[in-house]
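Enquirer: pasting the sequence and the predicted coordinates here, then a few questions.
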Amino acid sequence: MPMPIITVISDVICPWCFIGKRQLERALTVLAGQELGFAVAWHPYQLNPDMPVEGVERAAYRAAKFGSPERGREIDARLARAGEAVGIDFNFSAMRRTPNTVAAHRVIRAAGAEGRQNEVVERLFAAYFLEGRDIGDPDVLAACDAAAGGDAAATRALLASDAHRAEVLAEDHAARRAGISGVPSFVLANHVLFSGALPAETMAEAFAEAWKVLGRDAA
């Protein structure tokens with residue numbers, strides 16, 4: 001029987017998705033101790049589907065979204081505490097732009113054919129949240145993909161074409177049609193189990209229990 005796949009619907013500019021990735025990694029370790037193995041696939045979601053292709057200046061974006069710098073700082077402080085709990089040191093002060101993420105999702109999708117999605121997603125999260133890099137920039141995306149075992153020239157060529165663009169947009173729209181409005185969301189055997197960066201132990205319990213039920217139908 002093939003290894004069951006946990007599909008994570010996420011966006012690479014979502015801090016809770018980065019935290020959720022860490023919790024998922026811990027959950028998979030717990031499940032492995034129970035002799036339960038799962039593969040992971042990453043599917044696209046755009047937090048900002050109307051974002052200009054070139055992105056926007058982050059301070060202006062946050063002022064429009066949260067209403068005041070003070071509210072933004074409160075949210076960052078909450079995220080910083082949650083990040084510290086899973087070993088993420090968010091570097092919000094280094095972040096200057098909020099990008100359109102379609103190009104990043106195209107790179108992630110292409111990496112799936114080579115079994116490198118987890119590595120690419122990790123590198124993109126780190127580039128954005130820890131290094132403050134613009135992950136809407138093709139050169140930054142090529143460098144991130146190369147750091148995750150890819151070929152920078154091939155990634156630049158991909159981004160210069162329309163490869164994977166229609167598929168990424170279709171998968172994003174499909175998630176919205178399915179009623180998903182928050183990320184990260186976690187799917188097993190075509191069933192959305194939960195949304196949010198839940199604690200690892202809670203995740204592991206949910207995946208194990210779901211697979212007992214859903215795995216019978218998927219077998």
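Expert: Cool, the structure landed. As the structure is a prediction and not an experimental result, all values here were calculated from the model.
Enquirer: please enumerate the strands of this structure.
Expert: Secondary structure of the chain, counting by DSSP state E: strands at 5-10, 39-44, 56-57, 97-98, 185-188, 191-195.
Enquirer: please compute how far the third one lies from its chain's middle.
Expert: Counting by Cα atoms, centre = their mean, to the nearest Å, strand 56-57 is centred 20 Å from the centre of its parent chain.
Enquirer: for this structure, give me the ranges with low pLDDT.
Expert: Across the chain, residues meeting the criterion (pLDDT under 70) sit at 1, 216-219.
Enquirer: now the helices for it?
Expert: Listed in chain order, the helices of the chain (DSSP state H) span 15-33, 58-66, 69-85, 102-112, 117-125, 138-147, 152-160, 165-177, 200-218.
Enquirer: using neighbour counts, pick out the buried residues of the second one.
Expert: By neighbour count, and taking 16 or more other Cβ atoms under 10 Å as the criterion, the buried residues in helix 58-66 are 58, 61, 62. From N, CA and C alone the C-beta is placed, and that goes for glycine too.
Enquirer: gap between the second one and residue 72?
Expert: This means residue 61. 10 Å (Cβ to Cβ, to the nearest Å).
Enquirer: same check on the last one?
Expert: Residue 62 sits 5 Å away from residue 72, going by Cβ to Cβ.
Enquirer: need the strands of the chain in JSON lines (columns: mean neighbour count and distance to residue 163).
Expert: JSON lines is the format used below for those (neighbours: other Cβ atoms under 10 Å; distance: least, Cβ to Cβ, whole Å):
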{"stretch": "strand 5-10", "mean neighbour count": "21", "distance to residue 163": "21"}
{"stretch": "strand 39-44", "mean neighbour count": "19", "distance to residue 163": "14"}
{"stretch": "strand 56-57", "mean neighbour count": "14", "distance to residue 163": "25"}
{"stretch": "strand 97-98", "mean neighbour count": "22", "distance to residue 163": "24"}
{"stretch": "strand 185-188", "mean neighbour count": "22", "distance to residue 163": "25"}
{"stretch": "strand 191-195", "mean neighbour count": "15", "distance to residue 163": "28"}
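Enquirer: which one, of those strands, ends up nearest to residue 158?
Expert: Across these, residue 158 has its closest neighbour in strand 39-44 (15.0 Å, Cβ to Cβ).
Enquirer: between that closest one and strand 5-10, how many degrees?
Expert: If you take axes from the mean of the first three to the mean of the last three Cα atoms, to 10 degrees, strand 39-44 sits at 30 degrees to strand 5-10.
Enquirer: can you tell me what sits against strand 39-44?
Expert: 3-11, 24, 28, 101-102, 105, 108-109, 112, 117-118, 121, 168, 171-172, 175, 187 (Cβ atoms under 8 Å, 6 or more residues apart in numbering).
Enquirer: among the residues you listed, the buried ones, what's the PyMOL command?
Expert: In PyMOL, a selection of the buried entries from those looks like this (16+ other Cβ under 10 Å):
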select buried, resi 4+6+7+8+9+10+11+24+28+101+102+105+108+109+117+118+121+168+171+172+175+187
